[in-house]
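K.L.:
3D model of this:
(one chain, ligands or ions: 2)
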Amino acid sequence: MSILFSYNGVAHCSCSCLECFQLVCLLLAKMTALAVVLGGGISGLSSAYYLARSQALRFGKVVVVESSHRTGGWVNTTVSEDGAIFEHGPRSLRTAGAVGKNTLELVSIKNLSESVVPVLSHHAAANKRFIYARNQMHQLPSGLKSVLFTQAPFTKPFISYIMKEPFVKTEIEEDESVHDFIRKRLGNEIADYVMDPLCIGIFAGDARKLSAKSCFPAIFDPARQRGSLIKGLFLQGKEAKSESNCALVKQAKKERWPVWTLQGGLQTLTDKLTDTLMTQHGVEIIKQNQCKQLEFTDNNTIKVTTKDNCYTADHVISAVPATVLSGLLPSNHNILSKLLQEIQQVSVAVINLEFEGNVLPTDGFGYLIPSWEKSKLLGVIYDSCTFPQHNRPGSPTTRLTCMMGGHWFEDNFGDPAIADPEHLLAVAMESLKEQINIEAKPTRSIVNIHKDAIPQYRVGHFKIVDKINKYLDHHNMPLDVIGSSFCGVSVNDCIYNGRRTAEKLLT
Ligand SMILES: Cc1cc2nc3c(=O)[nH]c(=O)nc-3n(C[C@H](O)[C@H](O)[C@H](O)COP(=O)(O)OP(=O)(O)OC[C@H]3O[C@@H](n4cnc5c(N)ncnc54)[C@H](O)[C@@H]3O)c2cc1C
Ligand SMILES: C=CC1=C(C)c2cc3[nH]c(cc4nc(cc5[nH]c(cc1n2)c(C)c5CCC(=O)O)C(CCC(=O)O)=C4C)c(C)c3C=C
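P.N.:
Numbers count the residues shown, from 1 in each chain. Ligands and ions are numbered 1, 2, ... in the order given. This is a model prediction of the structure:
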């Protein structure tokens, strides 16, 4: 069989049989099929990468439309002229679990293995995490000694909470707040001193509102299955885990890295993805090209209207926040719009500071402040201790990041769109003085107000996500939704979900 075809859509087959004609039509359709990815954050970039790297030829063209002048979304690093690195968004990625392994594999494929900067297991940043409560700094238990002996602010040794839990009789809810879930099983102290600050350190959110099922599926689901949190975690640990052939994954496991970053900061990853998508995979990334509207056509395509262009897409992957997608949909899909609107985000003020010399009271990852302390500061990250490789070369400096706002932004600072950076800086400096006795003037300060940065998975979030996916299926819409609004806010989750969606489309 010899087939000739031209790009005007007319196929010529020398044997002129119907089978060949159909095959050619199919090939042509695939070669011209267009996938549009909305949003060039880590979710959009990774889904575009996993779509474009495939040989499956499902799409002839992949286009990423991004509203801002840069890709990366919340992944945003400043490399100053003197070599100091400041992260305005995520700063470290965990190695644990399938999602952690997947990111290390991606880093390895992208030839970034040599750029990985790990935190080693014996390092202070791996073991010393603090909470600031009742005017004192408390180290959270880590290691056998601190589990066996009573350590303030707890009134019992950690082990006693753990031993009792399998015998606690409690209703198994389909979902409940993180605080309730832990309080019922491990008591008030663990809920108040561990889970409350943990919800701040991941979601900048309120443990009494956030969903245990959606925010911590790795503890909620096994606990529900086994009737006990401790039994669930223990038995889950015994389940077979798939091995990876990736040298970087093996090294991370062998050396027990808890978290890592990259030389040049985490934006190195999004920059590399952006670059290789365009130069090696033929993906078009169009910046400053905000998507304005989506229209669903009769022939099952989507008309994507952006600031400067209009595309007829065979498939759209939305990697913008749920609330943004909600505003792009036509009025006949207002049920879907309303569901998306329910997934709200909170705003965070991120203040990067640099001081001459070492001004930290101790080494460690940093500290979080439980919400019931009513501090205006959510917590502080000791960047120069965690990743000294990112300090300005030469004389010693301290870099730290103060985070403020989150669920409590409006209460504490008013409308994030008009909050005063000078005021935020002053509040941060005041809190640092009160909490860790830093009175020195910073040599550098960068204030960013990240509006609507972190989605809040409130109790019942899983039902909203389920309804959204069912709606898309039921209406046979050529649209997938990914990104931090849905199934995990960590960079690892975003990459993993981008991959899963791309691979689903290719099968
Ligand atoms: C302060 C902070 C600290 C964090 N720390 C960590 C951490 O240490 N570790 C970790 O794993 N995670 C961390 N996270 C979470 C993680 O960074 C984010 O959840 C993740 O980067 C979200 O990626 P995304 O691509 O889903 O969304 P986004 O980054 O929001 O990307 C969405 C993109 O869509 C674009 N866009 C929006 N509207 C439109 C439109 N209409 N048309 C076209 N484009 C549009 C945006 O400009 C953006 O580029 C942190 C987040 C914040 C804010
Ligand atoms: C110790 C101080 C910390 C502050 C302050 C903090 C603020 C903060 N963090 C996020 C979002 C995320 N952080 C994540 C990981 C993470 N955060 C801290 C500490 C602080 N965070 C640590 C020690 C870690 C590593 C987790 C670990 O090793 O166990 C993540 C990723 C979580 C994951 O599942 O991988 C996110 C997301 C925000 C929005 C924020 C602002 C207040």
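
K.L.:
From Asn437, how far out is the closest residue to ligand 2 within the stretch 251-400 of the chain?
P.N.:
Relative to ligand 2, the nearest point of the stretch 251-400 of the chain is Gly379 (2.6 Å; Cβ to the nearest ligand atom). Every residue, glycine included, has its C-beta placed from N, CA and C. Distance, Gly379 to Asn437, by Cβ to Cβ, to the nearest Å: 17 Å.

K.L.:
Settle it for me: which of these two has more neighbours?
P.N.:
More crowded of Gly379 and Asn437, by other Cβ atoms under 10 Å: Gly379, with 25 against 9.

K.L.:
Can you verify the more buried one is assigned to a strand?
P.N.:
Yes. Applying DSSP: H, G, I helix; E, B strand; the rest coil, one finds Gly379 inside a strand.

K.L.:
which residues touch it?
P.N.:
Contact analysis of Gly379 by Cβ atoms under 8 Å, 6 or more residues apart in numbering lists Tyr132, Pro197, Ile200, Gly201, Gly366, Tyr367, Leu368, Ile369, Cys402, Met403.

K.L.:
of all those, which comes closest to Pro321?
P.N.:
Closest approach between these and Pro321, by Cβ to Cβ: Met403, at 19.3 Å.

K.L.:
Does the closest one belong to a helix, a strand or coil?
P.N.:
Assigned state for Met403: strand (three-state reduction, three-state DSSP).

K.L.:
Surely it and Val380 touch.
P.N.:
Yes. When contacts are counted by Cβ atoms under 8 Å, Met403 is listed as touching Val380 (7.5 Å).

K.L.:
Quick one: classify Leu248 as helix, strand or coil.
P.N.:
Three-state assignment for Leu248 (three-state DSSP): helix.

K.L.:
Quickly note the distance from it to Pro118.
P.N.:
10 Å.

K.L.:
same question, Gly60
P.N.:
40 Å.

K.L.:
Settle it for me: which of the two has more neighbours?
P.N.:
Neighbours were counted for Gly60 and for Pro118 using other Cβ under 10 Å; Pro118 has more, 20 against 16.

K.L.:
Report the beta-bridge partner residues of the more buried one.
P.N.:
Under DSSP bridges, the beta-bridge partners of Pro118 are Trp260.

K.L.:
isn't it right up against Trp257?
P.N.:
Yes. The pair Pro118 and Trp257 passes the contact test of Cβ under 8 Å, sitting 3.9 Å apart.

K.L.:
Just the buried positions in stretch 228-245, please.
P.N.:
Neighbour counts using 16 or more other Cβ atoms under 10 Å place Ser228, Leu229, Ile230, Gly232, Leu233, Gln236, Ser244 of stretch 228-245 among the buried residues.

K.L.:
residue contacts, the fourth one?
P.N.:
Contact partners of Gly232, counting by Cβ under 8 Å, 6+ apart, are Ile219, Asp221, Pro222, Ala223, Arg224, Gln225, Arg226.

K.L.:
Now it: closest residue in space that isn't a chain neighbour?
P.N.:
For Gly232, ignoring the flanking residues on the chain, the nearest one in space by Cβ to Cβ, 6 or more residues apart in numbering is Pro222 at 2.9 Å.

K.L.:
Helix or strand, whichever it is, which one in this protein has the lowest mean pLDDT?
P.N.:
Within the chain, no helix or strand scores below strand 3-5, which has a mean of 37 by mean pLDDT, DSSP states H and E.

K.L.:
Next, count neighbours for the residue in the stretch 51-200 of the chain that ligand 1 sits nearest to.
P.N.:
In the stretch 51-200 of the chain, no residue comes nearer to ligand 1 than Gly73, which is 2.0 Å away by Cβ to the nearest ligand atom. For Gly73, the neighbour count with other Cβ under 10 Å is 26.

K.L.:
got it, and Ser146?
P.N.:
Using other Cβ under 10 Å, Ser146 has 17 neighbouring residues.

K.L.:
isn't it right up against Phe154?
P.N.:
No. Using Cβ under 8 Å, Ser146 is not in contact with Phe154, being 9.6 Å away.

K.L.:
wait, does stretch 97-108 contact ligand 2?
P.N.:
No. Under the criterion of Cβ under 6 Å from any ligand atom, stretch 97-108 makes no contact with ligand 2; the nearest approach is 7.4 Å.

K.L.:
Residues of the chain that sit close to ligand 2?
P.N.:
Within the chain, the positions near ligand 2 by Cβ under 6 Å from any ligand atom are 92, 94, 129, 200-202, 204, 258-259, 348, 365-368, 378-381, 403, 406, 454, 489-490, 492.

K.L.:
Can you tell me which of the residues you listed end up in strands?
P.N.:
94, 129, 259, 348, 366-368, 378-381, 403, 406, 454 (DSSP state E).

K.L.:
filter the residues you listed by proximity to ligand 1?
P.N.:
Among these, ligand 1 is touched by Val348, Ile454 when using Cβ under 6 Å from any ligand atom.

K.L.:
Look through the stretch 101-250 of the chain and state the residue closest to ligand 1.
P.N.:
Taking Cβ to the nearest ligand atom, the stretch 101-250 of the chain has Ala204 as its residue nearest ligand 1, at 7.4 Å.

K.L.:
can you tell me which residues contact the residue nearest to Gly357 when sequence neighbours are not counted?
P.N.:
What sits nearest to Gly357 in space, not counting adjacent residues and going by Cβ to Cβ, 6+ apart, is Pro396, at 5.6 Å. Counting by Cβ under 8 Å, 6+ apart, Pro396 makes contact with Glu356, Gly357, Asn358.

K.L.:
Surely the residue of the stretch 101-250 of the chain closest to ligand 1 touches His450?
P.N.:
No. Using Cβ under 8 Å, Ala204 is not in contact with His450; the gap is 9.5 Å.

K.L.:
Please, where are all the helices along the stretch 101-250 of the chain?
P.N.:
124-127, 144-148, 158-164, 178-186, 188-190, 196-203, 212-215, 217-226, 229-238, 247-254 (DSSP state H, counting those that start in this stretch).

K.L.:
Same list, those helices, but as a markdown table with mean pLDDT please.
P.N.:
Listed next are these as a markdown table, based on pLDDT from 0 to 100:
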| stretch | mean pLDDT |
| --- | --- |
| helix 124-127 | 90 |
| helix 144-148 | 77 |
| helix 158-164 | 86 |
| helix 178-186 | 95 |
| helix 188-190 | 95 |
| helix 196-203 | 98 |
| helix 212-215 | 98 |
| helix 217-226 | 89 |
| helix 229-238 | 78 |
| helix 247-254 | 97 |
